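Undergrad: return atomic coordinates for the entry below.
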Amino acid sequence: MLNKKLSNMKIKIYLNLLVTLVVFSFVSCDKSNEFTEDDESLVFSYQFVVGGRLGGYSNLTINANLTHYVSNYRELQSPEVITHSYETTVKTSKEQWDSLTKAFDLETFKKIESGSCGACVDATDEIFSVTIDGESYSFTNGRNDVYYQQMLDFFDTVQEIITTL
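TA: Presented below is the predicted three-dimensional model:
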């Protein structure tokens, strides 16, 4: 009688373990390319740097909640140099966030190779980066890279966001 109770108890324990493993396997599926509307662990950044004497920069940072943009450049108006600055922070719209996250592919992004430094020779540099769960990935001047071309929808969306600010 005692052996039968122990046997039934073992069966119940094994069944509970099996159910628990099945539940965990469904809950812990890889969702690396799925982002929620309020996901702050994902941040997209774009910088544009102009080299040379007049130089300047713009910086865009976007997460699920906020979009922050800063622009600063100098203009020569003889005999002086005038500095122009602009800064704004707005709520990231659901449409913009959805558009960015649908067009973004981390594995392709990580393959984009940097081009040569433009700001070093009085030209421009374009820097894209993404931070996911504290890990950052970036490249500079990657427009000519084949993987960049595969993600044009994403990069075009970033540029469109800047024009709305």
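Undergrad: and residue 59, what are its bridge partners?
TA: Beta bridges link residue 59 to residue 47, residue 70, judged by DSSP bridges.
Undergrad: just checking, it touches residue 49?
TA: No: contact criterion Cβ atoms under 8 Å: residue 59 and residue 49 do not qualify, at 9.1 Å. Where C-beta positions appear, they are placed from N, C-alpha and C, glycine not excepted.
Undergrad: doesn't residue 95 fall inside a helix?
TA: Yes: under DSSP: H, G, I helix; E, B strand; the rest coil, residue 95 sits within a helix.
Undergrad: how about residue 54, nearest residue that isn't a chain neighbour?
TA: Nearest residue to residue 54, sequence neighbours excluded (Cβ to Cβ, 6 or more residues apart in numbering): residue 74, at 4.5 Å.
Undergrad: which residues does the strand or helix carrying that neighbour contact?
TA: Using DSSP states H and E, residue 74 sits in strand 66-77. Defining contact as Cβ atoms under 8 Å, 6 or more residues apart in numbering, one finds that strand 66-77 is touched by 50, 54-62, 81-92, 96, 161-162, 165.
Undergrad: among these, name the ones in strands.
TA: Those of the contacts of strand 66-77 mapping onto strands are 50, 56-62, 81-91, per DSSP state E.
Undergrad: contact partners for residue 102?
TA: Taking Cβ under 8 Å, 6+ apart, we find residue 102 in contact with no residue.
Undergrad: for it, give its distance to residue 151.
TA: Residue 102 sits 12 Å away from residue 151, going by Cβ to Cβ, to the nearest Å.
Undergrad: do residue 94 as well
TA: Taken as Cβ to Cβ, the span from residue 94 to residue 151 is 21 Å.
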